[in-house]
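Visitor: Structure of the sequence below:
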Amino acid sequence: MSVENFWHYAKIAKYDLASAEGQKILASGASAADILQAFQAVTSERKDELFDTLFKWLNVEPMKDVSEKLIAKLKEGQTGMFTDPKWIMDQVGRLSVNERAFEGALANLRNAGEFAAPIMIDVLRDPGKKAWHSQTRRGLVRLGRQVLNPLVAVLESKDHGTLITVMGILGEIGYDAASPYIARVYASKDNGMEEVKAAAARALTHLATDPQSKPADLFNDLAEKFYYMNAAIAPDPRYPDAHVWYWDETKGLMNKDVPPQIFSDIMSMRCSEYALKLDPSRADSVSLWLAANNKREAELPEGKTDATHEGPDAHFYNVALGTQYCNAVLSRALHDRSAPVALKVVKSLQEIVGQSNLFQGPANADDKQPIVSALQFPDRLVRFESAIAIGSAFPQQPFAGQELVVPTLAEAIGNTGKPNVVIVAPDVNAANAIKESLKDAVRADTGSDAQSATAAAGRLPSVDVLVVDSRGGKDTDAVLMSPRGKGVAKVVIVETKASPYVAAEMDNQLVNTLVAGAPGTAPDAAALTAAITKALGRAGSAAMDPKVSETYAQRAASLLEKLAISHGQVLDINAAAPALMRALEDPRVEIAKSSANVLAMINSKEAQAAIAAKALDEKTADDLKIATFKALAMSAKASGNQLDANTTDALQKAVETSANLPVKAAAAEAQGALNLPADRAKNLIINQSQVGK
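Guide: Residues are numbered from 1 along each chain as shown. All right, here's what the predicted structure looks like:
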């Protein structure tokens, strides 16, 4: 191996030669452990620091690439060594040699982290290694938080001696994350547990936990901490995987590797399970388990698996446990602004809600049920799915927030995937210039103050982001706190980082800033687009693919048509009319057709006139003409003729002169449904007559 040559050339600054030797090492096929051993031998002989020296060479351009790769390989070798049971056992043995050996071995065991615990517990359970027990126990206490995760799993043991020893260690380590596990032992009703319970009481006292505390309460509290990733037990960041530990009475501690992104979710589920086993009546533990299970699936990295999970997916448990628990999970997700969890549970609700159970569970602080509050969530998918869930239930009784459902469905019809943005600047020309610079990235409208911003918002299907230029404006706070501004993501354009809005960004995930220099300086379009994307992400709103947008538009239109046909439900379909009339101009032809069909079910002069105008427009393609003429016929059959004379004249002309026979037939169908006066309809007969010609 070329390690000696590599080190020699690098030390005498012949970096090209050193780099070549390093590449030979990497290409040699030697194991990471063997490469590590060779480097340790060379650096030990030279009395050099291995990693410190390699890190310095990262700053030398000819050495950067090879040093980076060698460091990765050596770290891999270290990991293999630190997890090797034989190496760990050697270090555990050194703990009992003398104080100097103890400190050296303990430093090595810190590198092993959680993997030291199984070996050390085995030593403590082995009567043949009694001479090692005292220092091994001391070593575990000194390892502290690093070994909490495996040690609490040991408390599944049935062996009294093991329980007494480990509870004592956990008490001395001092983290109250161990309290639920110890309290569970203390609450045991097994016979002959007096000595074990006394040890549990002592450990709980060390942890400042009342031994009379209900272990189910403690487990539920710990599950909450795991859910929000602020429990003392956490994955070791030095390892690529996190470890979930299990206890086997014969084999001792065993672990399953899981992606670190879902470790806390799994532990939250396990703690919820403990709580439910101790107290099956706990509804809060059921909903917390469901929330953690949905979050686990949402946060599982693509291509990765969860070795701890077998059986049905989260959706199965959502629908099986019902509306009450799903609503509790949704309420939590809305509070946390967790779009992935909210979306999963709303989709599950769609499978099980109906008129009788749509609103089971407590309302939120605004007196709305979670599924209704979701209609104002920043993420469009959550809003759309929630509106579809409520609308599909065809609610028969009035409810708080019912006025939000149909406009949200209408928003889905008009959605193109681009975020809807209101741009507010003190100078309306500046606002329009910003709008023009963003025309390919967003759908925008503009204003110059709070009042005009509200009007601009009304001209859009919804508002995803509010962009406010605070430079030189006196109305910024009024705009940000307006009804349209409160609940949406905001990008505040500021002059310098000294702006108070920059400080507000730290505490409020809806506030984002973009430093753009002195007033009058146009913000960079690319930077502003990036700021809008960031604002959407922080608010919990994902970008939407155009194909997905079209799917939602079709689903919403289909549901609106069913709502229009149904009788007795409380949702006002007329609220969708303005958005549907705009959608007649949608370049997506199928969306325009669907919108015409829904408008046909609305008893409105404006709606009927809009359908007719689209059908009679010379620029309308023939297939859309046919669809809108047929929609006009539907409108006439449902609501009668509400067209003015000019429009009926134009329709008559279309019937008489259209060259395309299917268009002509559709126009005739509309004319007939409108029940035009005979003196107008007879022209059809006269104009086609061959008599007297």
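
Visitor: per-domain residue ranges of the protein.
Guide: The chain breaks down into these domains under automatic domain parsing: 3-82, 420-538, 548-688.

Visitor: And the last one, how far out from the chain middle?
Guide: Mean-position distance between domain 548-688 and its chain equals 41 Å (CA atoms, centre = their mean, to the nearest Å).

Visitor: ok so, going back, columns distance to residue 330 and mean pLDDT on top of the domains of the chain, output as JSON lines?
Guide: Yep, even glycine has a C-beta here, placed from its N, CA and C like the rest. Converted to JSON lines, those look like this (distance: least, CB to CB, whole Å; pLDDT from 0 to 100):
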{"stretch": "domain 3-82", "distance to residue 330": "41", "mean pLDDT": "88"}
{"stretch": "domain 420-538", "distance to residue 330": "17", "mean pLDDT": "85"}
{"stretch": "domain 548-688", "distance to residue 330": "19", "mean pLDDT": "88"}
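
Visitor: right, so of those, which gets closest to residue 119?
Guide: domain 3-82 (11.7 Å; CB to CB).

Visitor: Figure out how far the closest one is from the centre of its chain.
Guide: That offset, for domain 3-82, works out to 41 Å (CA atoms, centre = their mean).

Visitor: So for the chain, the centremost residue is which one?
Guide: Nearest residue to the geometric centre of the chain (CA atoms, centre = their mean): residue 340, 3.5 Å.

Visitor: Run through the residues that contact it.
Guide: By CB atoms under 8 Å, 6 or more residues apart in numbering, residue 340 lies in contact with 295, 298, 299.

Visitor: Out of those residues, list just those in helices.
Guide: If you go by DSSP state H, these have 295, 298, 299 in helices.

Visitor: any idea which helix is longest in this structure?
Guide: From DSSP H, the single longest helix across the chain is helix 61-82.

Visitor: Check which helices and strands that one is in contact with.
Guide: helix 15-27, helix 32-46, helix 50-57, helix 99-112 (3 or more CB pairs under 8 Å, 6 or more residues apart in numbering; DSSP states H and E).

Visitor: for the first one, packing partners?
Guide: Using 3+ CB pairs under 8 Å, 6+ apart as the contact criterion, the secondary-structure elements in contact with helix 15-27 are helix 3-11, helix 61-82.

Visitor: Check what contacts the last one and list those residues.
Guide: Residues outside helix 61-82 that contact it (CB under 8 Å, 6+ apart) are 10, 15-16, 18-19, 22-23, 25-26, 31-37, 39, 50-51, 54-55, 57-58, 60, 87-88, 108, 111-113, 115, 238-239.

Visitor: do the same with stretch 499-519
Guide: For stretch 499-519, contacts defined as CB under 8 Å, 6+ apart pick out 337, 378, 469-472, 487-497, 522-524, 527-528, 531, 534-535, 538-539.

Visitor: got the end-to-end distance for it?
Guide: 13 Å (CA to CA, to the nearest Å).

Visitor: buried sites along stretch 583-596?
Guide: 583, 584, 586, 588, 591, 592, 593, 594, 595, 596 (16 or more other CB atoms under 10 Å).

Visitor: So which of those belong to helices?
Guide: Using DSSP H, the buried residues of stretch 583-596 in helices are 583, 591, 592, 593, 594, 595, 596.

Visitor: My guess is the fifth one contacts residue 555. True?
Guide: No: Residue 594 sits out of contact with residue 555 when judged by CB atoms under 8 Å, with a separation of 9.8 Å.

Visitor: show me the contacts for the closest residue in space to residue 144 that isn't next to it in sequence.
Guide: Nearest non-adjacent residue to residue 144, counting by CB to CB, 6 or more residues apart in numbering: residue 173, 5.2 Å away. Residue 173 sits next to 140, 141, 144, 145, 147, 148, 151 when contact means CB under 8 Å, 6+ apart.

Visitor: about what we covered before: for residue 102, state which of the contacts of residue 340 is nearest.
Guide: residue 299 (40.4 Å).

Visitor: one step back: following element in sequence after the helix or strand hosting the residue nearest to the centre of the chain, please.
Guide: Assessed by DSSP states H and E, residue 340 sits inside helix 339-352. Sequence-wise, the next helix or strand downstream of helix 339-352 (DSSP H and E) is helix 370-373.

Visitor: And that next one, what does it pack against?
Guide: helix 323-336, helix 380-392.

Visitor: neighbours around residue 5, how many?
Guide: 17 (other CB atoms under 10 Å).

Visitor: dump the residue contacts of the nearest residue to it once chain neighbours are set aside.
Guide: For residue 5, ignoring the flanking residues on the chain, the nearest one in space by CB to CB, 6+ apart is residue 21 at 4.5 Å. Residue 21 is in contact with 2, 5, 6, 9, counting by CB under 8 Å, 6+ apart.

Visitor: can you rerun that using 10 Å?
Guide: 1, 2, 3, 4, 5, 6, 7, 8, 9, 10, 14, 66 (CB atoms under 10 Å, 6 or more residues apart in numbering).

Visitor: how much space between it and residue 59?
Guide: To residue 59, residue 21 is 19 Å away according to CB to CB, to the nearest Å.

Visitor: How about residue 252?
Guide: Counting by CB to CB, the gap from residue 252 to residue 59 is 46 Å.

Visitor: who has more neighbours, those two?
Guide: Legend: neighbour count by other CB under 10 Å for residue 252 and residue 59, higher for residue 252 (18 against 9).
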